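Asks: When you get a sec, could you give me coordinates for this:
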Amino acid sequence: MQFSRKKIILGIFVLLVIILGVWFFAFLNNEKQGEIIDTTKNLFPFGEIIGGDGRSSGNSQGTIGENGELISQETGDITEPDAEGPRLRQVSDFPTGGFVPIVRVEEEDVIETEIDEEGNTTQTFRTIEVENQYVRYSSIKDASIYESEITPSTLESDILVDNFIPNSEYAHFNKTGKRVVFQYWNKKDHTPESYLARIEKIALNIKPCPFEFSPVNIGDDGTSIIGIHQFLNRNPQTRIARSGINSLGNESSLATESTITAIKNFQSLYQIDIDGRIGPGTKAKMQEVCNKQQENIGKAEFTALDKKYKLSGFFLPQNITSISMSPEGNEFFYLQEDNLGVIGIIRSLTSETKETIFESPFTEWLSDWNTDESIQLTTKPSYATNGFSYALSPDTGRYFKSLPEHKGLTTLVSPDKKRILTMEALDSSISMTIYEPDSGRARPLALQTFPEKCVWSQNSVDVYCGVPEALSYGGEYPDTWYQGLETYNDSLWRIDSNTLEEFVLSDIVTDYSENIDVQKINIDEKNEYLYFIDKNSEFLWSYRLVDF
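Replies: Okay, here's the model as predicted:
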């Protein structure tokens, strides 16, 4: 008995040791996992940031101040599963030439439920106006137009127009998405072609009532009687006959007793004096009902259409090398090469009028109509040559130098014109700055990316950028990226241009296992969604910035 008691005590002791061991192992494992999560919060797009003493600052990320000091910065958190749906979404599964975000005000039916003190429930139906998010985009393959509605949890896509402009590499949409310029390379003439298109919704076609409702007597014979029979046969409750003569599709021109009976049934259905005659009251009701029927027929035919939009347009002159739409979306500016260099032309999208406002013997220009008062003209960048940037007035045609020249210069002007995001090529890297034209102050950023991977928000404070994880080719930027010699796996960042703080939104590779080289990035007017094209696949993507 004593021996058994010792065995029990020994067993309990062994069990306690095992439990403590399991707990201790789990504790250590959690500590290690915590360390991994902490380190991934500090995302260094181009390796570790080197402090002023030359040592690696591996546990801090910051912004370089005006005097070279390291300003502290907040880092983003790792993306957690979102109940509203993934923040990152692939919008198109085909190469996309261009897109435009659209915020559309639409009517929506809602049900409001009220419960009184006695527990009685009352439901009220009403129609409200809501702002819905869409993105309109085109296929490079044939310039067909698509549109997707974006919600936090869903993505619904539809093709608007079947088109056929092969290899339409670029599509420049205006603000409303109702005008677009397609560009493609004419292999025969070895020149760029541009086609200006109007995207119009097919109108709902409601035809007038085709019947004449005149008085009818038994024995009357005429074409108007056929119409009355066809009208009455539209409704099973007023149908003249189920088969044979005067059945649906077999209407005759002779009025019979069955005709008068059907008229009485119509009067009974709409609570009119039942006399079998088409007097003023019956005629007015028949006209009203027929008009409603015609409306329903028109809507049904419209709903049955495969494509509810149509495309019309014409070709612009050849050799257009750069196109930019005005912020308001009613004009566009383009540069066209000629024997003397280039000319810059503003063309109206409503009146089709045009005006030349710029001429230059130098042909290598990029344009960006970023504000109502200014079109930014920047020389095409290369690491080996100085670049220049000018602000061109669309009203007067006068232009002024925006900032000092730099090698490999690229620019992105804020909507209020008070700041310019710039990049210049250095001997073995690049430098990003926020330049303020009024004061001439240039404030350097820690992040290294290209302005073509960035977009300003509507408030002219926040800049959203795709940032490569590393630049590894050498100092030949941005040429290597343009030429496709180097591609990147980007993360998404937000820069506060007031404080120069930089916030990581998503390390796309880690969070979503996607490799995206961001280009042609844009943001909707409500600052809720980013849209961009992957340079590798040319697929369109969206990223939700807010919680709903």
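
Asks: Is residue 206 in contact with residue 292, as I believe?
Replies: No. Residue 206 is beyond contact range of residue 292, at 10.2 Å (criterion: CB atoms under 8 Å). Every residue, glycine included, has its C-beta placed from N, CA and C.

Asks: More neighbours: the two, which one.
Replies: Per other CB atoms under 10 Å, whichever of residue 206 and residue 292 has more neighbours is residue 206, with 14 against 11.

Asks: Give me the pLDDT for that one.
Replies: In this model, residue 206 is scored at 93, pLDDT.

Asks: which non-adjacent residue is nearest it?
Replies: Spatial nearest neighbour of residue 206, excluding adjacent residues (CB to CB, 6 or more residues apart in numbering): residue 298 at 3.9 Å.

Asks: Confirm that neighbour sits in a helix?
Replies: Yes. Applying DSSP: H, G, I helix; E, B strand; the rest coil, one finds residue 298 inside a helix.

Asks: which ones are touching it?
Replies: If a contact means CB atoms under 8 Å, 6 or more residues apart in numbering, then residue 298 has 204-207 as its contacts.

Asks: Tell me the one of these nearest residue 537?
Replies: Residue 537 lies nearest to residue 204 out of these, by CB to CB, at 38.0 Å.

Asks: Starting from the helix or strand bottoming out on mean pLDDT in the chain, tell me the next helix or strand along the chain.
Replies: One helix or strand of the chain scores below all others by mean pLDDT, DSSP states H and E: strand 70-72, with a mean of 39. Going down the chain from strand 70-72, the next helix or strand is strand 88-90, by DSSP states H and E.

Asks: how about that following strand: buried residues?
Replies: Buried positions in strand 88-90, judged by neighbour count with 16 or more other CB atoms under 10 Å: 88-90.

Asks: How about stretch 536-548?
Replies: Buried-residue list, stretch 536-548, by 16+ other CB under 10 Å: 537-545.

Asks: Next: stretch 154-171.
Replies: Result for stretch 154-171 [16+ other CB under 10 Å]: buried residues 160-161, 163, 165, 168, 170-171.

Asks: model confidence over that stretch, on average?
Replies: Average pLDDT, stretch 154-171: 93.

Asks: now swap in stretch 281-297 and tell me
Replies: On average, stretch 281-297 scores 96.

Asks: from the middle of its chain, how far away would it be?
Replies: Relative to its parent chain, stretch 281-297 has a centroid offset of 42 Å by CA atoms, centre = their mean, to the nearest Å.

Asks: Pull the residues that contact it.
Replies: With CB under 8 Å, 6+ apart as the test, stretch 281-297 has contacts from 206-209, 211, 213-214, 231, 234, 263, 266-267, 270, 272-273, 278.

Asks: Which members of those are classed as buried?
Replies: 209, 211, 213, 231, 263, 266-267, 272, 278.

Asks: I'd like the buried residues of strand 88-90 as JSON lines, with pLDDT appended.
Replies: Shown next, in JSON lines, are those (pLDDT from 0 to 100):
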{"residue": "88", "pLDDT": "97"}
{"residue": "89", "pLDDT": "96"}
{"residue": "90", "pLDDT": "97"}
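
Asks: Low-confidence ranges, the stretch 301-450 of the chain, go.
Replies: Across the stretch 301-450 of the chain, nothing is flagged by pLDDT under 70.

Asks: which residues of this protein fall in helices?
Replies: Counting by DSSP state H, the chain has helices at residues 2-41, 223-233, 257-269, 280-303, 479-482, 508-512.

Asks: and the closest residue to residue 100 other than its chain neighbours, what are its bridge partners?
Replies: Once flanking residues are discounted, residue 100 sits nearest to residue 173: 3.7 Å by CB to CB, 6+ apart. For residue 173, the beta-bridge partners under DSSP bridges are residue 180.

Asks: OK, contacts around residue 173?
Replies: Counted by CB under 8 Å, 6+ apart, residue 173 has contacts 98-100, 136, 179-180, 325.
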